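Colleague: here is a sequence together with a model predicted from it:
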Amino acid sequence: MALVGPVCILAVAYFVLRALFNKDTTSRPYFKWASRLFSEETPQYPQKEGQLRLLNRQDVEAFNESTWQRQCYDAFQTAILSEDPVAFPCIYATKGFKAREHRYIFIESDDMSDDKNMKVMATALKKYLETPHSELGPNTSMVVLFPIPTSPLSVKDYYQKYWDCLRGLRARDPKPWPGQIPTDTDTPMWRMCFDGQPIFSAALTPGHSKRRSRYAPCFCIVFQPNFVFDILFSTQLKKQSAISKVRTLLSDYDDVAVSPELKNYGDETGRECKQYFIMDDNYAPACPYTTLG
Ligand SMILES: *[C@@H]1O[C@H](CO)[C@@H](O)[C@H](O)[C@H]1NC(C)=O
Ligand SMILES: *[C@@H]1O[C@H](CO)[C@@H](O)[C@H](O)[C@H]1NC(C)=O
């Protein structure tokens, strides 16, 4: 299952407006509209958990086109709906998007050392994982979107930010790490866990170029609950067919060979952490953290 997962990085979703929680944002054009997203008056930061709402496609598409959130979402959408020269390889992400199963959250800056950013993300992820599967749909993802940068960072810098994000989430995880999953990232059975459950994660960045399947004009971090893969890989036949479909698309879509790190979860030589954030070239550095704590 690990194989399609990473590929499915592409699978996606999203949410929130940190900006909305700051009083000084009242002058921004989107404020008036955005405040309608929240039934109560503008929440103060740190917001209470109950006030944070995951956005669905309808919510996001109600943003005025001039807002950064909408521009970011449009860029994300263009990336995953691309058909050039073949369909965007994570066809399940595309399906989930079209079926309105993704949930979105917007984070105003990609500063992972900012406690406010991390708290919003952790709260959102917890909410998302607690949402009944039937409410989300079989090809769901939670998509975290950051503003489109004027000058993108290098892939290496995004890599570090990505891992700082996972570590920051773990530091705010309300539940203990599940006993059956190793905490050492350099083992075949390690995977990201949050709120007591294993999840898949991936990133698209503005720094990627050859690996187009991992490119988006805005930095996006995606999370997928395990049930998505349980459905997708419910039989060996389905699993083989899903994996080979995605692989074929990847090799036609990317200007770099399919990553040798894409392996089945549990494979002795596989490292799930190397499938989350895939570099632009086929070079896979060790996870910067031996454990997320
Ligand atoms: C979007 O915002 C711009 C600038 O504030 C405004 O002129 C325009 O009418 C808005 N569009 C919609 C559809 O509300
Ligand atoms: C979800 O993806 C599966 C493939 O895993 C597909 O067969 C199904 O049609 C998709 N569901 C929706 C609602 O798009």
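Modeller: Perfect, thanks for sending it. Residues are numbered from 1 along each chain as shown. Ligands and ions are numbered 1, 2, ... in the order given.
Colleague: quick check: residue 222 vs ligand 1, distance?
Modeller: To ligand 1, residue 222 is 28 Å away according to C-beta to the nearest ligand atom, to the nearest Å. In short, each C-beta sits where N, CA and C put it, glycine included.
Colleague: C-alpha coordinates for stretch 144-161, CSV please?
Modeller: Only the C-alpha atoms of stretch 144-161 are listed here, as CSV (Å, rounded to 0.1, in the frame of the first residue of the first chain):
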residue,chain,number,x,y,z
VAL,A,144,-2.7,21.9,3.6
LEU,A,145,-2.0,24.8,1.3
PHE,A,146,0.6,27.6,1.8
PRO,A,147,0.8,30.9,-0.1
ILE,A,148,2.4,30.9,-3.6
PRO,A,149,5.9,32.2,-3.0
THR,A,150,7.4,35.0,-5.1
SER,A,151,10.7,33.1,-5.2
PRO,A,152,10.5,29.4,-4.5
LEU,A,153,12.9,27.7,-2.1
SER,A,154,15.1,24.8,-3.2
VAL,A,155,13.7,21.3,-3.1
LYS,A,156,16.1,20.6,-0.2
ASP,A,157,14.7,23.5,1.8
TYR,A,158,11.1,22.3,1.3
TYR,A,159,12.3,18.8,2.3
GLN,A,160,13.5,20.2,5.6
LYS,A,161,10.3,22.2,6.1
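Colleague: list the buried ones in that stretch?
Modeller: For stretch 144-161, burial by neighbour count (16 or more other C-beta atoms under 10 Å) applies to 144-148, 152-153, 155, 158-159, 161.
Colleague: contact partners of that stretch?
Modeller: Contacts of stretch 144-161 with the rest of the structure, by C-beta atoms under 8 Å, 6 or more residues apart in numbering, involve 14-15, 68-69, 71-73, 75-76, 104-110, 112, 121, 124, 203, 205-208, 217-223, 277, 279-280, 285, 288.
Colleague: from those, which ones fall inside strands?
Modeller: Judged by DSSP state E, the subset of these located in strands is 104-106, 203, 220-223.
Colleague: going through those residues, which ones are buried?
Modeller: Using 16+ other C-beta under 10 Å as the burial test, the ones in strands among the contacts of stretch 144-161 include 104-106, 203, 220-223 as buried.
Colleague: can you tell me the centre-most residue of this structure?
Modeller: Closest to where the C-alpha atoms of the chain average out (C-alpha atoms, centre = their mean) is residue 222, at 0.8 Å.
Colleague: that residue and ligand 2: what is the separation?
Modeller: Using C-beta to the nearest ligand atom, residue 222 is found at 16 Å from ligand 2.
Colleague: who does that residue bridge with?
Modeller: Residue 222 has these beta-bridge partners by DSSP bridges: residue 143, residue 202.
Colleague: that one reaches residue 142, doesn't it?
Modeller: Yes - counting by C-beta atoms under 8 Å, residue 222 sits close enough to residue 142 to count as a contact (7.0 Å).
Colleague: thinking again about what came up before, show me which of the buried residues of stretch 144-161 is closest to residue 241.
Modeller: The nearest member of the buried residues of stretch 144-161 to residue 241, counting by C-beta to C-beta, is residue 144 at 29.8 Å.
Colleague: and that closest one, how close does it get to residue 259?
Modeller: Relative to residue 259, residue 144 is positioned 22 Å away (C-beta to C-beta, to the nearest Å).
Colleague: what's the neighbour count on the residue of the stretch 151-293 of the chain found nearest ligand 2?
Modeller: Nearest residue of the stretch 151-293 of the chain to ligand 2 (C-beta to the nearest ligand atom) works out as residue 232 at 4.2 Å. Applying other C-beta atoms under 10 Å, we find 21 residues neighbouring residue 232.
Colleague: ok, for it, nearest residue in space, not its chain neighbours?
Modeller: residue 242 (5.5 Å; C-beta to C-beta, 6 or more residues apart in numbering).
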